[in-house]
Structure formats: C-alpha cells, structure tokens
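K.L.:
I'd like to go over a predicted model; first the sequence, then the structure.
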Amino acid sequence: MRTLNDNLNFFQIGLPLLILQFTNLVFAGDIKVDHGTDGGVIIRASDCPTLKSEIDSLSEYYHMHSKGAASIGVDCTQTPELTALNVAPLIPSHVHKQYRFGYSCNGPNCFNSSLIDQKLENDPRFTSSAELMSTVQTSCRERKSTDSAHPGDMAIIKKNSRTSSGALTTSPLHAFTYIGNTAFSKNGFQKQHTWTLQPLKTVLSAYKVDLNPECHNTKGAHDTCSVFVSYYQCDPTSLQLKTKNAEMVASHISECVINFNKRKSLVSHVEGLLHSLELIKKDIEMESTLKNQNDHAKAVLSSFNFQAQELMLHSFEQALLDNDVDTIQRNLALWPNLSETEVGINLLMSAIKGNSPNAVKLILERNVNPDTENQFGTTPLWAAAEKGNLPIVQMLVDRKVSLEKSTPTPLWTAAQKGHMEIVKFLLKHGANPSAKDLRGQSVLDQARSYLKKTKPGTVFQKNALELVHLIETANGIHN
C-alpha cells in the first residue's frame, strides 16, 4: 500500500456538471474532501445536487450506527448555489475514535481499520489479509449482481492473477468503507497513514482499480478485471469469539500501539506480549478452546506475530535512542534465532542508523552476517559510511565484508558526504578509488562536487580540498 498522489487523472471532465455513472456507482465530476484545523470535515462538490447526494449517503451511514438525530439539510434552490458543507457531525462516534488518529508505531492497516469501522474488531493493530477474509466469510455477505452497494458497506479491492498452471487466484489489496462518491480509507500500515474520509475515485485510482465499469460495481464479471472491488454487508453480532489469551494479546498490542511514546521502555511489555503469543499457539495446537475456529485462529495469530515484530523493532530503536546497553541486550534476546532471519540485518541497520557501535557489536556477536543486503539492496558497510561512523566502519571491515558490494560503493558515498576519515580508512584497506555509480559518476566526481558546496576560506573547504587531493592521488592523478 502506498501514499496517494495528487495527480489522479481518473477521467477528464469536459463540462462542470458532468457525472460519469458506472451502473450502481456514481462518480461525481468533481468532489473533494478538506480537513480543517478546527476538526471540520468539508465536502466540496462541483454542484449542489452532487453535494446533496453525498450528504444523503453519509446521513444513511450515520443513522446505521448512531441513535442520535443528527442530520444536515441541503437546499439546492438557494442562491448562491451551495457546493460545500462541514460533515463532521455525520461521522459516527465509533469512527471518531480512529479518525485521523496518528498511532505511535507502525501496524494498524486498512484491513484493521475497516474491521473496526464494521465493529468486527475492537483493537488497533495489524490485520493480515488471511484474517480479513476469514472474518468476512464468517460475518459478512457479499453483494451480488441482484444487489447494489450501500453506504456503510465494507469494500475490498482485490487483485486477480494466474498461477503457473493458469489457475485464477484472487488476493485482497485494500479495504475501505464505501459511502457513495466518498469513502473512509487508511492507505497504509505506517503510523503516518490515518483513517479519513476521501473521494472514492482517489482511493480506487491509488490502487489502480480497472477503469472498466464492470470492475467497480456488484454487477460486473470480475474474472475479466485485473483489479476490482467487492462490496460486503457485515453483521457485527456474528463477531468471532476470542480466547482469554487472544484478548490478552490484543490488549497488550493496543496499549503499545496507542501509548508507545508515553513509555520509558517497552521491552517488559513486549516480553509479556510474546509470552501470550506462545499461549495462543498452544491453544491452537491443542484445539482446546478454539475447535472449529482453528483456521481463523491461525490467521489471527499471523496478524499478532507481524504486529509483535513491529513492536519489537520499535522497542529496540527506543533502546538505541536511550543508549541503554542492558535494554538493547534484553531486546536482542527477544529473537532467539537472529542469524537465521532477515530481522537480524534490519536490527543491524537500525543500530547503524542510531550510531550505536555497542549495539552493532552485540548484534554481530549473534552471528548476523554483516555482508548481507537489506530489502533495499543496501549493505551495513554502505550505511555506516553514509552515516560517517568510523568505529562501525572499522568493526565491519575487520569482519572481512566486501568493500565493493553496493552500487554506489561505500567509498563513493563517503566521498559524496565528505567523510574524510572514512575515505582514508577504506582506501587504506583496498577500496576501489575509481568506482562509479549507475550514472557513471565516479568517487572523484563526488569529492569535487562536495568541494563546490563548501564556503571559501573555511575549515570545511580545507578538508574538502584534502579529500579531493587524496582521491586524485589514489587514482594516479598528480597536479
């Protein structure tokens, strides 16, 4: 899931009142949602009838979940024409609890927010696609061709793909709450992504839903679509029962996710969380309390495990900030097989980013391979050279890591940043002084570029001149 762009050319509008209708879904020619600093949620439409239609849909959704008599009347006969309204009073109280709420750490994603909106889940946390579909199969009814999408439906964007044998498989990409021309959506699992009211076409375009009308509504033949939308009417009374241990884990996670920044140290809390996860695993293995819910329980456990990993990483990063060696060691102890998983390289990168030689040493002592690239193709040595941390660079080179594995190389990056001592050290240990990046820019090019950025007559310029001379000499250039 990715961040939305403003350039969403779903279709071009030739007339100001143009409305494009996709069977039972109607996309207004121009509808926007703005959020004010005072908590206002403003819907802006190209004309009053479009605005009124959306207010009516949002009102229907509100009355599904609220006993109050909140309503907003729209009079399209008045002059000037009404095209914008604050709809904050029409957002139900259970939605307000997560609306634009910034969590303290990564994890809660669109699947989770959608289930909370449907009252099928209570706690903010990561929810896997397997758990989402397991819950939907138990608690929701898919709208079929004889039915239409209704305000408040859970909408799931799905992707079709084919296996090597040609079989069609479908996987969920995104979930949101359908209103009409707008939708409640959270576009990502990172903490900066929030559950907000957005134009429907913004959400569909972000996930590249096919433009074919049949891919947007309940009446289409979705087998022909690459990406399509399914709509579900859900019943919160059929919510899956949880074991006591599962409730304990949900409580642990929720407190961590919401109050992370208020805790001096999370490690004790995370240790308790992992203990509870082990108890849930035993519940599933014994089938003592879950019985027929075993498959669903496994899906929930996979969600819990992912969220636990996120919290463990956050706890480790907090210990780095505190430079607390004892707490760093306790955090590392949470991963018994650190050298056998990609977590090891991620923790090593975090320690380098945090400029913590002590943490790097502790991780390397756990036999994590220091010459492994992370998911972005970056090696620990490159990261340490980029940060300018000579003790960490020395520690990694002492472990015989490759000096040329990354492109651009660590030496190239150190020259770009003007890290003189690291350039000297890497050259002394055999780094290639003529290495280039994918654009053909050399180490010397980077040193000269750094020199141009320095102010004449300063110590920075003096160091930069020395840097350029050092690399020229290494390349056999003598001025």
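P.N.:
Arrived safely. Residues are numbered from 1 along each chain as shown.

K.L.:
shaky segments in the stretch 101-250 of the chain?
P.N.:
104-105, 189-191, 218-221, 238-250 (pLDDT under 70).

K.L.:
which residues in it form strands?
P.N.:
140-142, 154-162, 168-178, 182-185, 196-199, 227-234 (DSSP state E, counting those that start in this stretch).

K.L.:
packing partners for the third one?
P.N.:
Think strand 168-178. helix 110-117, helix 129-139, strand 154-162, strand 182-185, helix 200-206 (3 or more C-beta pairs under 8 Å, 6 or more residues apart in numbering; DSSP states H and E). (Glycine included, C-beta is placed from N, CA and C.)

K.L.:
how far off centre is the shortest one?
P.N.:
Okay, so that is strand 182-185. 18 Å (C-alpha atoms, centre = their mean, to the nearest Å).

K.L.:
partners of it in the sheet?
P.N.:
Strand 182-185 pairs in its sheet with strand 168-178 (antiparallel), strand 196-199 (antiparallel), by DSSP bridges.

K.L.:
would CSV of the ones you listed with mean neighbour count and distance to residue 216 be doable?
P.N.:
Listed next are the strands paired with strand 182-185 as CSV, based on neighbours: other C-beta atoms under 10 Å; distance: least, C-beta to C-beta, whole Å:
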stretch, mean neighbour count, distance to residue 216
strand 168-178, 18, 11
strand 196-199, 21, 14
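
K.L.:
so which of these gets nearest residue 88?
P.N.:
strand 196-199 (9.5 Å; C-beta to C-beta).

K.L.:
packing partners of the host helix or strand of residue 421?
P.N.:
Remark: residue 421 resides in helix 420-428, with elements defined by DSSP states H and E. If contacts are counted by 3+ C-beta pairs under 8 Å, 6+ apart, helix 420-428 sits against helix 390-398, helix 410-417, helix 459-474.

K.L.:
name the residues of the last one that come out as buried.
P.N.:
Under the neighbour-count criterion of 16 or more other C-beta atoms under 10 Å, helix 459-474 has 463, 464, 467, 468, 470, 471, 472, 474 buried.

K.L.:
not counting sequence-adjacent ones, nearest residue to the second one?
P.N.:
Spatial nearest neighbour of residue 464, chain neighbours left out: residue 451 (4.1 Å); criterion: C-beta to C-beta, 6 or more residues apart in numbering.

K.L.:
so for the helix or strand hosting that neighbour, what's the average pLDDT?
P.N.:
Residue 451 is part of helix 443-452, with elements assigned from DSSP H and E. The average pLDDT within helix 443-452 is 93.

K.L.:
just give the number of residues close to residue 324.
P.N.:
18 (other C-beta atoms under 10 Å).

K.L.:
quick thing: my sequence starts at 43, can you match it?
P.N.:
That works, and once the first residue is 43, the last one we named lands at residue 366.

K.L.:
phi and psi next, for it.
P.N.:
Phi and psi for residue 366, reported as degrees, to the nearest 10, are phi -100, psi 100.

K.L.:
how close does it sit to residue 427?
P.N.:
Note on residue 366: its distance to residue 427, by C-beta to C-beta, to the nearest Å, is 26 Å.

K.L.:
next secondary structure after the longest helix seen in the chain?
P.N.:
Ranked by residue count under DSSP state H, the longest helix found in the chain is helix 336-364. Downstream of helix 336-364, the next assigned helix or strand under DSSP H and E is helix 367-374.
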